[in-house]
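Engineer: The sequence isn't on hand, but the structure is:
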């Protein structure tokens, strides 16, 4: 457990420091190769091989350095209280870094200034959380103890523990899956399913090698996995069966996280809150209009 937390924390801190390094580097413009400027007009600021290689090496060095420091001073979190604090800090850092990565990706994709401002907000929050970590940890412990001691939470927790499982299924499952597939034909939504999943999946079950014989734009794993399950368990790789498999995978995914959250938080209430937030952020957001599985690469 200690090694896992230390590795995860080293990775998160490495990503965060990498972003900060890239921000600092923007104050020192680098000369662009004329060919790159001509071929990649929109993204020319992001295509600098020398700079990319430098930041790649810097990221590896930062992660290894932080991991080494944490292992050298591991005696400070070897006790139960120290391990608890390490777990809390790692969880908070993982949340903040995930938000920063999301903002960076959206900024690169859509070029909207709101994502840059949101990134600055999370960066500032990260700095403040490290400065005032003792106070934040004390507040987390108080809230955790309050949830455990609260009579209502303790009383309803066993009921929620099992009743929340069908709630997850009901939220994710689309009963009229045939109508959902038909809805993909309306507007411009259909080509996402038709481009991302179905052609490489059909190529795979036909005996072709994805990435060699046929193009798979969004990777190899999902088309192979979904097409195999649909072909073997549902009798054929059709659009309806592919959607059924995706919904089943999403349900299993959230059930696993629900179990993990319960083990991590040591209770049911926080696990339920975490799953509801995850479903809201991952499935039901503006890019999945009109329903959650419209764009497979988004959900």
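Structural biologist: That came in fine, so what should we check first? Predicted, not measured: the structure shown is a model, and the values here were computed from it.
Engineer: From the contact counts, what lies against the longest helix along the chain?
Structural biologist: Criterion DSSP state H: the longest helix present in the chain is helix 80-110. Here helix 80-110 touches helix 2-25, helix 113-131, helix 133-149, going by 3 or more C-beta pairs under 8 Å, 6 or more residues apart in numbering; DSSP states H and E. C-beta here means a position set from N, CA and C on the backbone, and glycine is covered the same way.
Engineer: and among those, the most buried is which?
Structural biologist: Among the helices and strands packed on helix 80-110, helix 2-25 has the highest mean neighbour count (mean count of other C-beta atoms under 10 Å), at a mean of 17.
Engineer: Next, the angle from that one to helix 113-131.
Structural biologist: Using axes from the mean of the first three to the mean of the last three C-alpha atoms, to 10 degrees, one finds that helix 2-25 and helix 113-131 are set 130 degrees apart in direction.
Engineer: Mind listing residues that contact helix 2-25?
Structural biologist: 51, 55, 58-59, 62-64, 66-67, 70-71, 74, 77-78, 83, 86-87, 89-90, 93-94, 96-97, 100-101, 104, 119, 123, 126 (C-beta atoms under 8 Å, 6 or more residues apart in numbering).
Engineer: low-confidence ranges in the stretch 151-299 of the chain?
Structural biologist: 151-157, 187-190 (pLDDT under 70).
Engineer: roughly how far is the longest helix of the chain from the heart of the chain?
Structural biologist: With C-alpha atoms, centre = their mean, to the nearest Å as the basis, helix 80-110 stands 10 Å off its chain's centre.
Engineer: Tell me which residues of it come out buried.
Structural biologist: 85-93, 96-97, 99-101, 103-104, 106-107 (16 or more other C-beta atoms under 10 Å).
Engineer: circling back to that earlier point, between the helices and strands packed on helix 80-110, which one is closest to residue 233.
Structural biologist: helix 2-25 (32.9 Å; C-beta to C-beta).
Engineer: Run through who's touching the host helix or strand of residue 232.
Structural biologist: For residue 232, the host element (DSSP states H and E) is helix 221-233. The contact list for helix 221-233, computed with C-beta under 8 Å, 6+ apart, reads 196-197, 200-205, 210, 216, 236-238, 241-242, 244-246, 248-249, 296.
Engineer: Filter those down to the buried ones and hand me the PyMOL line.
Structural biologist: Those of the contacts of helix 221-233 that count as buried under 16+ other C-beta under 10 Å are selected in PyMOL with:
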select buried, resi 196+197+200+201+202+203+204+205+210+216+237+241+242+244+245+246+248+249+296
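Engineer: Mark which of the contacts of helix 221-233 are part of helices, please.
Structural biologist: 196, 200-205, 241-242, 244-246, 248-249.
Engineer: Tell me which two in those are the farthest apart.
Structural biologist: 203 and 248, at 22.4 Å, using C-beta to C-beta across the ones in helices among the contacts of helix 221-233.
Engineer: check contacts around the nearest residue to residue 14 once chain neighbours are set aside.
Structural biologist: The shortest distance from residue 14 to any non-neighbouring residue, by C-beta to C-beta, 6 or more residues apart in numbering, is to residue 63 (3.7 Å). The neighbourhood of residue 63, defined by C-beta under 8 Å, 6+ apart, consists of 10, 11, 13, 14.
Engineer: tell me which of these is nearest to residue 136?
Structural biologist: Using C-beta to C-beta, those come closest to residue 136 at residue 13, 16.6 Å.
Engineer: The strand or helix carrying residue 60 to helix 2-25, inter-axis angle?
Structural biologist: Assigned by DSSP H and E, residue 60 belongs to helix 49-72. Here the directions of helix 49-72 and helix 2-25 differ by 140 degrees (the same axes, to 10 degrees).
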